[in-house]
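*Asks:* Generate a structure from the sequence data that follows.
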Amino acid sequence: QVQLVESGGGLVQPGGSLRLSCAASGFTFNIYAMSWYRQAPGKERELVAGITHSGDSTNYADSVKGRFTISRDNAKNTVHLQMNSLEPGDTADYYCAASRLRYYTGPTPSMYQYWGQGTQVTVSS
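*Replies:* Take a look at the predicted model:
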């Protein structure tokens, strides 16, 4: 049974930091590329960051470059998203997603076979 379980969301003030984690099980994690998406109320789901199966290449949305860092630990079947300098515009539900295309870190949701249930991030004073 495939599972992707996100954690680490919450309420944070502008300028603050959060670290999201996604724990994977039920598939061979180290041959899947992994990405983080987000969806704000009334908006479409958008790619935030992606990382290849081995972790040797990453991709970021322009809006988060320099503030967010995606990483993975294949020994622990986890992927993380370190989010710094958070802004109110980062408020959204954040989802991790797995693609069996090892090097795919692009924005097309249909290229990802597995999705988590999401964790909510709220940036507000």
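*Asks:* From now on I want contacts and neighbour counts done on CA atoms only, so please keep to that.
*Replies:* Fine.
*Asks:* Note down every partner strand of the helix or strand hosting residue 6 and its orientation.
*Replies:* Assigned by DSSP states H and E, residue 6 belongs to strand 3-7. Within its sheet, and counting by DSSP bridges, strand 3-7 is paired with strand 18-25 (antiparallel).
*Asks:* quick one on the thing from earlier: show me how far the strand holding residue 6 is from its chain's centre.
*Replies:* 10 Å (Cα atoms, centre = their mean, to the nearest Å).
*Asks:* Could you number the chain from 678 rather than 1 from now on?
*Replies:* Got it, first residue is 678 now, which makes that one strand 680-684.
*Asks:* If the residue positioned nearest the centre of the chain is in a bridge, with which residues?
*Replies:* With distances taken as Cα atoms, centre = their mean, the residue of the chain nearest its centroid is residue 713 (2.1 Å). Note on residue 713: beta-bridge partners by DSSP bridges are residue 726, residue 773.
*Asks:* Spit out the contact partners of it.
*Replies:* Residues near residue 713 by Cα atoms under 8 Å, 6 or more residues apart in numbering: 724-727, 758, 771-774.
*Asks:* Could you dump those into TSV with neighbour count and distance to residue 790 added?
*Replies:* Output for the contacts of residue 713, formatted as TSV (neighbours: other Cα atoms under 10 Å; distance: Cα to Cα, whole Å):
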residue	neighbour count	distance to residue 790
724	23	15
725	28	17
726	26	16
727	30	14
758	23	20
771	26	17
772	27	13
773	31	11
774	25	7
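*Asks:* quick one: which of the residues you listed is nearest residue 741?
*Replies:* The closest of those to residue 741 turns out to be residue 725 (Cα to Cα; 7.1 Å).
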